[in-house]
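what follows is a predicted structure for the sequence shown.
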Amino acid sequence: MSVIIAVRRTAVVPRGGAFQHLSVCQLAAPVIQSLLKQSGIAPQKVDQIVLANSLAGGGNPARLAGLAAGIPQVSGISIDTQCTGGLEALRLASALVDAGAAEIVIAGGAESYSRRPLRAKTFVDGRAPEFYLRPAFTPFPDRDPDMTEAAEALAVQFAVTRQQQDEYAIASHSKALASQASLRAEIEPLEATDRDIYTRNLGRKLAARSPILAGSVSLVSTAIEADGAAFCLVVSEAVAEKLNIGFRVEISHYVSVGADIMLPGYAPVAAINQLFADRPQTDRRRCIVEMMEAYAVQAIVCLNETGLNHQRTNLAGGALARGHPIGASGTILACRLFQSLKTADYCQGICAIAGAGGLGAAMLLTAKNKLQ
């Protein structure tokens, strides 16, 4: 059985901020080193690093992160499933451990929006080269929606108003602001930054002045582009026992699906419902939830359509109050859930996230040895 015994992340910093000069491996390495120091595991004992990333531009950033962190013996596995990558990395780590192919795996994601590559293109009309922001999410040019336009389509289909979206964003900032002191427990200081600096006192008047991006979707109800890294230490139960680790979290179940390419924000609904169908003994209303907030409308619809408990969701705020470092965002959800299971009176929780191209992922985590 695979368990998470430690989590760590950087702060999430908006594109062009304090992390703008750091590469993906420079974001990742300090977090990885901190995890090993926290757990007392020697670098040479690590069997593999799995790293999710979407904007680095190629290569194997997991290998670079391993080298930068002083773990040269691992080959590194880099994956890209867009926003769901941070959870997929944990699933892959769990599968390696459960299969007996590894005992200690560092899994997570890192993203630098600030250092996304400039793709040199020659345009016949003389336009300047363009920054790389996204690949094709589908093979169909007429059915590959911009994510903001897809969020607005979701709002129209489920009649979610701008006011509802703004109120959700205000609540996310409020919870995050109230939790800043406790959030520092999971953040590895980097570049003199130890908090999610985008979090602010967001009121209705300020939200109402936020620019509209598409229809009812405004800037304030959209997670901003950001830099950051997050990793979890996934080990076998035998290793956890040997290290005398008391509290740990079991990766109990994981579901990833491909869904409607035109409504990618709705994809987690299928993943969440399948997860609970596979685990009928789990009471969804009693679970705490870390729901990705790429857009407020996406979180609102996914919560409503799956019957998850709004009052137990994103207890310390979500991505609307942090930002969205694509490859790291799923792992940040897992870090948040780990900390909540450790410090609050809950035993189970789920992370859920949508990905471009109609991807949905949901992971069930179960706390172990809480009384030790």
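Arrived safely, thanks for sending.

now do the contacts for Ser172.
For Ser172, the contact set (CB atoms under 8 Å, 6 or more residues apart in numbering) comprises Glu293, Ala296, Asn314, Gly317, Gly318, Ala319, Leu320, Ala321. For every residue, glycine as well, the C-beta is placed using N, CA and C.

now do 6 Å
Contacts for Ser172 (CB atoms under 6 Å, 6 or more residues apart in numbering) come out as Gly317, Gly318, Leu320, Ala321.

name the element Glu149 belongs to?
Glu149 is part of helix 147-157 when elements are defined by DSSP states H and E.

what average pLDDT does the helix or strand that that helix is followed by get?
The helix or strand immediately downstream of helix 147-157 is helix 162-178, counting by DSSP H and E. In this model, helix 162-178 has a mean pLDDT of 98.

dump helix 162-178 to PDB, keeping only the CA atoms.
These are the backbone C-alpha positions of helix 162-178, laid out as PDB (Å, rounded to 0.1, in the frame of the first residue of the first chain):
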ATOM      1  CA  ARG A 162     -21.700  36.700 -12.600                       C
ATOM      2  CA  GLN A 163     -22.800  37.600  -9.100                       C
ATOM      3  CA  GLN A 164     -22.600  33.900  -8.000                       C
ATOM      4  CA  GLN A 165     -19.200  33.600  -9.500                       C
ATOM      5  CA  ASP A 166     -18.000  36.800  -7.800                       C
ATOM      6  CA  GLU A 167     -19.400  35.700  -4.400                       C
ATOM      7  CA  TYR A 168     -17.600  32.400  -4.700                       C
ATOM      8  CA  ALA A 169     -14.300  34.200  -5.500                       C
ATOM      9  CA  ILE A 170     -14.800  36.600  -2.500                       C
ATOM     10  CA  ALA A 171     -15.300  33.600  -0.200                       C
ATOM     11  CA  SER A 172     -12.200  31.900  -1.500                       C
ATOM     12  CA  HIS A 173     -10.000  35.000  -0.800                       C
ATOM     13  CA  SER A 174     -11.700  35.400   2.600                       C
ATOM     14  CA  LYS A 175     -10.900  31.800   3.700                       C
ATOM     15  CA  ALA A 176      -7.300  32.100   2.300                       C
ATOM     16  CA  LEU A 177      -6.700  35.400   4.100                       C
ATOM     17  CA  ALA A 178      -7.900  33.900   7.400                       C
END
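
what are the buried residues along the helix or strand following that helix?
Downstream of helix 162-178, the next assigned helix or strand under DSSP H and E is helix 180-183. Using 16 or more other CB atoms under 10 Å as the test for burial, helix 180-183 gives Leu183.

show residues contacting helix 180-183.
Arg195, Ala316.

got a list of contacts for the helix holding Glu149?
Helix 147-157 is contacted from outside by Leu213, Ala214, Gly215, Ser216, Val217, Leu263, Pro264, Gly265, Tyr295, Val297, Val301, Ala356, using CB under 6 Å, 6+ apart.

can I get the residues you listed in CSV including distance to Ala110?
Converted to CSV, the contacts of helix 147-157 look like this (distance: CB to CB, whole Å):
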residue, distance to Ala110
Leu213, 26
Ala214, 29
Gly215, 33
Ser216, 32
Val217, 27
Leu263, 28
Pro264, 22
Gly265, 24
Tyr295, 23
Val297, 27
Val301, 29
Ala356, 18
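
who wins on neighbours among the residues you listed?
Using other CB atoms under 10 Å as the neighbour criterion, Tyr295 leads these with 32 neighbours.

which stretches in the stretch 1-150 of the chain count as helices?
Using DSSP state H, counting those that start in this stretch, the helices of the stretch 1-150 of the chain run over 24-39, 61-68, 85-98, 147-157.

now, of those helices, which is deepest in the fold?
Mean neighbour counts were taken over those using mean count of other CB atoms under 10 Å, and the top value, a mean of 26, falls to helix 85-98.

burial measure for the nearest residue to Arg116 once chain neighbours are set aside, as a count.
Nearest residue to Arg116 in three dimensions, chain neighbours excluded: Leu55, at 4.4 Å (CB to CB, 6 or more residues apart in numbering). A total of 23 residues lie near Leu55 under the criterion other CB under 10 Å.

on that earlier part again, which of the contacts of helix 147-157 fall in strands?
Among the contacts of helix 147-157, DSSP state E puts Leu213, Ala214, Val217 in strands.

isn't Ser210 right next to Val220, touching?
Yes: using CB atoms under 6 Å, Ser210 is in contact with Val220, at 3.8 Å.

which of these two has more neighbours?
Per other CB under 10 Å, whichever of Ser210 and Val220 has more neighbours is Val220, with 24 against 16.

now for the more buried one: which residues touch it?
Ala169, Ala207, Ser210.

what is the burial count for the first one?
A count of neighbours around Ala169, defined by other CB under 10 Å, yields 27.

would you mind measuring from it to Ala178?
To Ala178, Ala169 is 15 Å away according to CB to CB, to the nearest Å.

please apply the same query to the last one.
Distance check for Ser210 against Ala178: by CB to CB, it reads 22 Å.

what's the answer for the second one, then?
Ala207 is 18 Å from Ala178, where distance means CB to CB.

with neighbour numbers in mind, choose between those two.
Ranked by neighbour count (other CB under 10 Å), Ala207 and Ala178 place Ala207 first, with 20 against 13.

correct me, but that one touches Gln165?
No: taking contacts as CB under 6 Å, Ala207 lies outside contact range of Gln165: 9.0 Å.

which stretches of the stretch 1-150 of the chain have low pLDDT?
The model of the stretch 1-150 of the chain has pLDDT under 70 over residues 119-123.

which stretches of it form strands?
Secondary structure of the stretch 1-150 of the chain (DSSP state E, counting those that start in this stretch): strands located at 2-9, 13-14, 48-52, 77-79, 104-112, 118-119, 130-131.
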